[in-house]
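[1] got a predicted model here, sequence first, then my questions.
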Amino acid sequence: MKYDIFFAGVGGQGILTIGEVLAEVAHYKDIPANFYPSKGMAQRGGFVKAQLRLGRENVGPNIPQRGADMVIAMEQSESLKAIPFIKPGGDFVLYSDIWAPTAVALGKAPYPAFAQITEQVKLAGARLVHIAPGQLPEYAGERVHPNLYVLGVIMGQTALGTLIRSEDVEHIIQTRFKRNTEANSFAYRSGLGMPLVVS
Amino acid sequence: MKKLITGNEAIAYGALRAGVKAVTGYPGTPSTGCLSSLLAMNLVDTYVEWSVNEKVALEVAAGVAWSGHRALCTMKMSGLNVAYDSLISVAYSGCDGGLVVYVADDPGANAGMCEQDSRSFAVMADMPMLEPATVAETYALTKFAFDLSERIKGPVFLRLVTGIADSYAEVEIEQPVPVSQAAPLLIKDIQRFTKAGAVIATNQHRDLIQRLEQAGQITDEVRLNKLSLSVKPGGLGILASGIAAAYLEEGFEAAAPFGFNREDVSTLEIKVVHPFPVAEARKMLEHCQTILILEELEPLIERGIIVEAQRMGYRGKITGKLDGVFSRIGEYGVPQVVQGIESVLRLGIPENLLSGNTQALKLAAARPITVCAGCPHRGTYIAIDKAIKKLRLKKNEVMVTGDIGCTILGMNPPFDLIWTEISMGASVSLAQGYVHAGVKTPVIATIGDSTFFHAGIAGLVNAIQHQIDLTLVIMDNRWTAMTGMQVNPGTPCNNGASAYQEIDIARIIPALGIEHFWTVDPFDVEETAGVIHQAMTLPGVKVVLARQECAIQAQRQGKQAGKVRVVEENCNLCKLCLMVTGCSAFSLGANAIEIDPELCYGCGVCIETCHHDALVAEEA
């Protein structure tokens, strides 16, 4: 199997964590992998991208344009930066959160509408998997953190779910995060479309 | 044991496997992760420090190596410029213990500095330089670099690019080798360890050249570069340097449907970027009719092979950057492999095979990098702005020089305050030049704490000696923040790091004889603005120390400056708070501005921007 994932979002959303979990799953299952996160300079709120390349030995870190089997984007405007990388026929997963830059909030700069994104995804020949921030479930009265929910959706609704096993993803989530294990499991399984199994 | 590690960590583990005695460096993206991973290991037998700057780091490491022990020194490309004065001299002297200098370059300028190709520094220093194509190779090459250094008795460069330094991949890690406890060598030999006198210096130069030649012989013997000649001669030969080699197979796959046959191609994957692999390059020239060179940034390998081709009377075609096919800008990837193949073989590969729709990028909202919510620099920027207004001047009339690190973010909206950025510490000296040029308005220099210690202090001493009229604002957030929170000499000691002596900038400045010196709290914008205004009206060198801990670090320690609450009924959504502060904790609600309680650190800088008492401070 050869499978490339391009990530785009902003700092603070936990998008790199999705990539780290998947890289650890690959490591756990002896799948060759190269994970290249790129944080830029901002601590929070700046553009973040990452590239995960699965299944090739000695692979270069950068995915070529039109080469990503899947895009995972967690900010509406930043998702546009992933458009050149999606492979025709690939899965474009968009969590349509909006982190408006100050100039946008002040009404001094434009911000792309959701319809513009869907048009670009269509032009790129990709399949859109849309997750609206409003659909995040609550756990113990609070909205779950989006990244593990998004990871669940990916495992449930894209080709990646047929290449690696959901049990292995859950195993890594549980070994990696020692706190909030139930909330994490709930977020992931909600995304996956599975009911929560309370142990 | 197989581990998922970064290229930076691969160097750290490789050095431990080589039994490294001391590791020094200065933080710099993308090299930082190497030394910080070693610090996190709390090693007992290996000494690890963040040095005050790269020159000092190199000199400390050289002392270890001259005493017969193994040392590693880490830096980014800009840091190598700082260390270079000493490095040339150390290379002349050679070393007894293995000395490896790790430098990280950043093709594509992901971290926003120059696209400097440090391979040229290896040429200038006559030092061998090794460069891996992958994370796994990084580990192996690091171990080898120490052996090579000791065999030739001279320092060796190890170069990574961002794509390897920050990439995670699986690497087979061995147990660390015990660190040598041998007594240090104390070699008194002025012929080797001083430069005074033409005889000494020219003899050392001769030895240096011999060491480089020996390095070439050794790397040839161990076949570090991977040469693979096609069965049938006369075809295409590709030289791929460093990371470019990692894209070859994928490029071949992409070109295969267009009639490209991998079997007809010879390849030379270059891991020894200096000295130039003459013997292997000659074999390629003898075997191949056409040569394609894949290397990021400067045409170093390309020039090397053109020299050999000329000496051999080669009549084939050599393609790279010098004939205009490739750019000297940016990273390489699969598209460059395919483009190169197409340019020499003309297979009819469509240009857009690996180019996506970049129109979408134009629709994306601009996202200028800015300071975090709660960042103390925000208050300082607003205060400088106010001070300028108090003098009835405009922002475009007052030169505010900037420096490296988070403090430069005042160049961006909404502050639009800082005009320049050169290198570590340059703000103070550059400002003096503007004064000499006759700028009539007050000149302000801004700098961070780590940057001040690194190189800014020398510029300040110069300004004092020559009695320049300028105001220096030291924005002291107590950490080397932008590279991910490293300690510097001014960082308060109680941070869990091993013991060190804290050096207080507030005690350094008066000791330099500066009469006009104030320490202010940048969260108190009015007071800070008043002090900066006063400083701007006085003659001579004035220093304002704006001191408040980085909010990210403070929050990690459980600290909270306060809380700011929105009084909804008072807010008329004029957005002035957002306009002045640009704070990311704000968002627009339906009837009032909203504050994200998780992001708000309670710095309170926004409170006085509001004319309607809609923002109030509360206890944290």
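    Nice, I can see it.
[2] for the residue found closest to B:Gly14 once you drop the neighbours it is linked to in the chain, what are its contacts?
    Leaving aside its chain neighbours, B:Gly14 sits nearest to B:Thr142 (2.7 Å; criterion: CB to CB, 6 or more residues apart in numbering or on different chains). For every residue, glycine as well, the C-beta is placed using N, CA and C. By CB atoms under 8 Å, 6 or more residues apart in numbering or on different chains, the residues touching B:Thr142 are B:10-11, B:13-15, B:17-18, B:100, B:158.
[3] confirm B:Thr142 sits in a strand?
    No. With DSSP: H, G, I helix; E, B strand; the rest coil as the criterion, B:Thr142 is assigned helix and is not in a strand.
[4] show the pLDDT at it.
    Looking at B:Thr142, its pLDDT stands at 98.
[5] before we move on, the earlier item: restricted to strands, list the contacts of B:Thr142.
    Counted as lying in strands by DSSP state E, out of the contacts of B:Thr142, are B:100, B:158.
[6] in three-state terms, label A:Ile98 for me.
    coil.
[7] likewise B:Leu322?
    Assignment for B:Leu322 (three-state DSSP): coil.
[8] burial check on A:Ser77, number of neighbours?
    Counted with other CB atoms under 10 Å in any protein chain shown, residues neighbouring A:Ser77 total 27.
[9] wait, isn't it in contact with A:Ser96?
    No. Applying CB atoms under 8 Å as the test, A:Ser77 and A:Ser96 come out as separate, 10.0 Å apart.
[10] give me the low-pLDDT residue ranges for chain A?
    A:40-44, A:194-199 (pLDDT under 70).
[11] longest helix of chain A?
    Longest helix of chain A, by residue count under DSSP state H: helix A:15-28.
[12] how about it, does it reach chain B?
    Yes. Helix A:15-28 reaches chain B (CB under 8 Å from any CB of the partner chain) through A:20, A:23-24, A:27.
[13] top of those by neighbour count?
    A:Ala23 (27 neighbours).
[14] now the residue of chain A found nearest chain B: phi and psi?
    Nearest to chain B, among the residues of chain A, is A:Pro84, at 3.0 Å (CB to the nearest CB). Backbone torsions for A:Pro84, taken as degrees, to the nearest 10, come to phi -60, psi -20.
[15] try B:Thr480
    The phi/psi pair for B:Thr480 (degrees, to the nearest 10) is phi -90, psi 90.
[16] how about the residues of the stretch 1-150 of chain B near chain A?
    Counting by CB under 8 Å from any CB, the stretch 1-150 of chain B sits next to chain A at B:2, B:4, B:29, B:110-112, B:133-136.
[17] let's see that with 6 Å instead.
    Within the stretch 1-150 of chain B, the positions lying close to chain A (CB under 6 Å from any CB of the partner chain) are B:4, B:110, B:134.
[18] and chain B, by the same measure?
    B:4, B:110, B:134, B:163, B:167-170, B:246-247, B:333-335, B:354-358, B:360, B:363-365, B:367, B:369, B:372, B:552, B:575, B:578-579, B:582, B:584, B:588.
[19] give the pairing partners of the helix or strand that contains A:Met70; include direction for each.
    Counting by DSSP states H and E, the element that carries A:Met70 is strand A:68-73. If you go by DSSP bridges, strand A:68-73 pairs up with strand A:3-10 (parallel), strand A:86-95 (parallel).
[20] OK, contacts around the residue in chain B positioned nearest to chain A?
    Residue of chain B nearest chain A, by CB to the nearest CB: B:Gly356 (3.0 Å). By CB atoms under 6 Å, 6 or more residues apart in numbering or on different chains, the contact set of B:Gly356 is A:65-66, A:84.
[21] do B:Pro257 as well
    So B:Pro257 contacts nothing (CB under 6 Å, 6+ apart).
[22] can you give me the neighbour number for B:Asn494?
    Neighbours around B:Asn494, by other CB under 10 Å: 8.
[23] and for A:Ala183?
    So A:Ala183, with other CB under 10 Å, has 16 neighbours.
[24] leaving out chain neighbours, which residue sits closest to it?
    Closest to A:Ala183 by CB to CB, 6+ apart is A:Tyr139, at 4.7 Å.
[25] the one you found touches A:Asn184, doesn't it?
    No. A:Tyr139 is beyond contact range of A:Asn184, at 9.2 Å (criterion: CB atoms under 6 Å).
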